[in-house]
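Undergrad: could you look at this predicted model? Sequence included:
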Amino acid sequence: MEYRPTIGLEIHAELKTRTKMFCDSKNDPDETRPNVNVCPVCMGHPGTLPVINKEAVRHVVRVGVAVDGKIADFTEFDRKNYFYPDIPKGYQISQYKYPLVKGGKLAGIPLTRVHLEEDTAKSFHKDTYSLIDFNRAGVPLMELVTEPAIKSAEEASRFAKELQLLLQYLGASDANMEKGEMRVEANVSIVPQAKNFREFLRAFIFRDPSRAGTKYGGRLGVKVEVKNLNSFRAVERAIAYEIGRQKKLLEKGEPVAQETRGWDENKQETFSQRTKEESHDYRYFPDPDLPKLRLSELPEFSHEALRQDLPELPRERRARYRADFGIQDKDAEILVTNRTLGEYFENTAQELGRDQRKIKLAFNYLVSDVIGLMRWDDDHPITDIGKIRMSTHHFAELIKMTAANEITSRTAKDLLVLMVSDGGDPREIARERGLFQKSDEAELEGTVKKIIAENAAVADDYKKGNEKVLQFFVGQGMRATKGAANPAVLAKLFKRFLS
Ligand SMILES: [Zn+2]
């Protein structure tokens, strides 16, 4: 029996704001001292009143515009009630019925909603006691929920990467997964897929054991939520593992339990944490301490104003690279994800006067040679191209020299090494070191004659009809001129003097 996986993601991202979601305690993800960015509001003291952080609302609404979602006219905050030491109020302020954003699409995946809530404190469990750090309590947290429309582990990880990129482009979050600034949860279910009508009957009407885990007449599988996914690799592996685990259960005729599972990075497997709460367990209700928001009445939150204010988005940048420079999405990805590299490339392209052939050449040198040089030291790679000495102006000059055949591609690569480490004008360096390509026949004639004289036996070979040795002579010519000779001119001269 084949199985069709259905995956939905819930992704939390800590937003970049000056202060926390409902108080003026500092929002500083880099703070290492515990419990310094706290106040009575985010510590949940009785009698305190929360105030909505406009900057956080703005971030979420901008994300909504970027994914073409529907921005709420009316929105409110709700209390999600549960008891846990990391939430001292006894409830988390979140959004339930009226999220800030509904719908939208990202990387081809339809979205359900994007809403705003507050982060919880961080607990540290020791042997006999637990510690709590409230620095993170009340930090604005965006939650994005996709439709269950993702069909594979790879697609899920691709989606999460695209969201991270978008948040970074928008300046909404650094979304660093290692730091916990972006956290992914996956809802995974599988449904038996009948290959033919006979199999369909067996599975769905005659209660085939493999149907046991399916809930509603085989249309929907049982949803398992997988948590603690702190890297893209974990997202991909945990989902793949979970699909495999559910398949095995169904094939044994055992039911899949609806539950929350964690991901064990060491064992590379998911483990049962608890049975899943239903949303009614949380007794959501509108927070009476916070005003309702009518965003449509605020001009600065109008769709037009927000759209005009958006920076170029990752998908727009890919489209522009394709249209302007003829670079395909797959190749352009390194320039889209590494933005300083992208800017460096664009400044170079500007210097090259939008000449597609030269720009393509610059792109190739940049992504293979220059990046290779930046990574010469595995332990300390240079990640920011702003740190190398070669200016875009001089890089463009080198490309022009190569395109005009003034220097050979081998010389260009040698020059790149010098320029990346020490900077400098390639034209000057080439002049000083005599690196310009030698295409002048009169200038090369002496070298050619000398090589023929020194290799009389090989020359005879050629004269007897072995044309393959011509390559040997051209190689010798290149060596004698330290790669500066034009190989085509050399070949022509050797042919002339050998016949
Ligand atoms: Zn506070």
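TA: Structure's in. What do you need? Given the structure is predicted, the values throughout are model-derived calculations rather than measurements.
Undergrad: could you measure from K89 over to T120?
TA: Distance of K89 to T120, computed by Cβ to Cβ, to the nearest Å: 10 Å. No exception for glycine: its C-beta is placed from N, CA and C like everyone else's.
Undergrad: which secondary element of the protein has the worst mean pLDDT?
TA: Within the chain, no helix or strand scores below helix 197-204, which has a mean of 69 by mean pLDDT, DSSP states H and E.
Undergrad: right, and the helix or strand after that helix?
TA: Counting by DSSP states H and E, the next helix or strand C-terminal to helix 197-204 is strand 224-229.
Undergrad: can you pull the residues of the stretch 251-400 of the chain lying near the ion?
TA: Taking Cβ under 5 Å from the ion, no part of the stretch 251-400 of the chain reaches the ion.
Undergrad: now do stretch 117-134, average pLDDT.
TA: Averaged across stretch 117-134, the pLDDT comes to 95.
Undergrad: show me the contacts for R317.
TA: A332, L335, V336, G342 (Cβ atoms under 8 Å, 6 or more residues apart in numbering).
Undergrad: what's the third one in contact with, if anything?
TA: Think V336. V336 touches L165, P314, R317, R318, Y321, G342, counting by Cβ under 8 Å, 6+ apart.
Undergrad: now the helices: where do they sit in the stretch 151-300 of the chain?
TA: Assigned by DSSP state H, counting those that start in this stretch, the helices in the stretch 151-300 of the chain fall at 153-170, 197-204, 232-251.
Undergrad: least reliable of these by average pLDDT, please.
TA: helix 197-204 (a mean of 69).
Undergrad: how about E55, nearest residue that isn't a chain neighbour?
TA: Leaving aside its chain neighbours, E55 sits nearest to T17 (4.5 Å; criterion: Cβ to Cβ, 6 or more residues apart in numbering).
Undergrad: no no, V41
TA: Per Cβ to Cβ, 6+ apart, closest to V41 is C23, 3.6 Å.
Undergrad: circling back: okay if I get the helices of the stretch 151-300 of the chain as a markdown table plus distance to A403 and mean neighbour count?
TA: Formatted as a markdown table, the helices of the stretch 151-300 of the chain follow (distance: least, Cβ to Cβ, whole Å; neighbours: other Cβ atoms under 10 Å):
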| stretch | distance to A403 | mean neighbour count |
| --- | --- | --- |
| helix 153-170 | 32 | 21 |
| helix 197-204 | 61 | 14 |
| helix 232-251 | 38 | 20 |
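Undergrad: redo the ones you listed as a markdown table? Include distance to N455.
TA: Output for those, formatted as a markdown table (distance: least, Cβ to Cβ, whole Å):
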| stretch | distance to N455 |
| --- | --- |
| helix 153-170 | 56 |
| helix 197-204 | 74 |
| helix 232-251 | 56 |
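Undergrad: ok, the residue nearest to the spatial centre of the chain - contacts?
TA: Central residue of the chain (Cα atoms, centre = their mean): K161, 3.9 Å from the mean position. Listed by Cβ under 8 Å, 6+ apart, the contact partners of K161 are F232.
Undergrad: one more pass at 10 Å, please.
TA: Shown in contact with K161 (Cβ atoms under 10 Å, 6 or more residues apart in numbering): A107, A175, M177, F232, V235, P314, E333, T337.
Undergrad: now, among those, which is nearest to the ion?
TA: A175 (23.0 Å; Cβ to the ion).
Undergrad: okay, now the closest one: neighbour count?
TA: Residues near A175, counting by other Cβ atoms under 10 Å, number 23.
Undergrad: look up how far V67 lies from it.
TA: As judged by Cβ to Cβ, A175 and V67 stand 15 Å apart.
Undergrad: doesn't V38 make contact with the residue nearest to V41?
TA: Yes - contact criterion Cβ atoms under 10 Å: C23 and V38 qualify, at 8.9 Å.
Undergrad: what sits in contact with each of these two?
TA: A137, G138.
Undergrad: looking at these two now, which is surrounded by more residues?
TA: C23 (23 against 19).
Undergrad: which of the three states applies to the more buried one?
TA: coil (DSSP: H, G, I helix; E, B strand; the rest coil).
Undergrad: what sits against it?
TA: Counted by Cβ under 10 Å, 6+ apart, C23 has contacts 37-43, 48-51, 53, 118, 137-138.
Undergrad: for this structure, give me the ranges with low pLDDT.
TA: Within the chain, the stretches with pLDDT under 70 are 200, 202-220, 276-279.
Undergrad: domain-wise, how is it divided?
TA: Segmentation of the chain into domains, based on automatic domain parsing, reads 2-294, 312-433, 441-498.
Undergrad: of all the ones you listed, which one is nearest E300?
TA: domain 2-294 (8.1 Å; Cβ to Cβ).
Undergrad: give me the distance between the two termini of that closest one.
TA: 48 Å (Cα to Cα, to the nearest Å).
Undergrad: which ones among the contacts of V336 are found in helices?
TA: Secondary structure assignment (DSSP state H) places L165, P314, R317, R318, Y321, G342 from those within helices.
Undergrad: tell me which two of these sit farthest apart.
TA: Maximum distance among the ones in helices among the contacts of V336 (Cβ to Cβ): 14.4 Å, for L165 and Y321.
Undergrad: got the buried residues for stretch 315-334?
TA: By neighbour count on 16 or more other Cβ atoms under 10 Å, the buried set for stretch 315-334 is R315, R317, R318, Y321, F325, I327, D331, A332, E333.
Undergrad: report the distance from that stretch to the chain centre.
TA: How far stretch 315-334 lies from its chain's middle: 15 Å, per Cα atoms, centre = their mean, to the nearest Å.
Undergrad: just name the closest of the ones in helices among the contacts of V336 to the ion, please.
TA: Nearest to the ion among the ones in helices among the contacts of V336, with distances taken as Cβ to the ion, is L165, at 30.7 Å.
Undergrad: wait, what's in contact with that closest one?
TA: Taking Cβ under 10 Å, 6+ apart as the test, what L165 contacts is A107, A175, L313, P314, R315, R317, E333, V336, T337, R339.
Undergrad: next up, the contacts around the second one.
TA: This means A175. Going by Cβ under 10 Å, 6+ apart, the list of residues near A175 reads 11, 13-16, 142, 160-161, 163-168, 181-183.
Undergrad: now the helices for the stretch 351-499 of the chain?
TA: Using DSSP H, counting those that start in this stretch, helices in the stretch 351-499 of the chain cover 356-364, 371-374, 392-403, 409-422, 426-433, 441-454, 456-463, 470-480, 487-498.
Undergrad: in a markdown table: those, plus mean neighbour count.
TA: What follows is the helices of the stretch 351-499 of the chain, written out as a markdown table (neighbours: other Cβ atoms under 10 Å):
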| stretch | mean neighbour count |
| --- | --- |
| helix 356-364 | 19 |
| helix 371-374 | 16 |
| helix 392-403 | 21 |
| helix 409-422 | 18 |
| helix 426-433 | 16 |
| helix 441-454 | 15 |
| helix 456-463 | 14 |
| helix 470-480 | 17 |
| helix 487-498 | 17 |
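Undergrad: the residue of the stretch 251-400 of the chain found nearest the ion: neighbour count?
TA: In the stretch 251-400 of the chain, no residue comes nearer to the ion than D289, which is 14.5 Å away by Cβ to the ion. Residues contacting D289 under the criterion other Cβ under 10 Å number 13.
Undergrad: going forward, the N-terminal residue is numbered 624.
TA: Fine by me, first position is 624 from now on; the one you just mentioned is D912.
Undergrad: does it really touch P669, like I thought?
TA: No - between D912 and P669 there is no contact under Cβ under 10 Å: 11.8 Å.
Undergrad: one step back: measure the residue nearest to V664 to D756 for me?
TA: From C646 to D756 the distance is 16 Å (Cβ to Cβ).
Undergrad: am I right that R930 is in a helix?
TA: Yes - per three-state DSSP, R930 lies within a helix segment.
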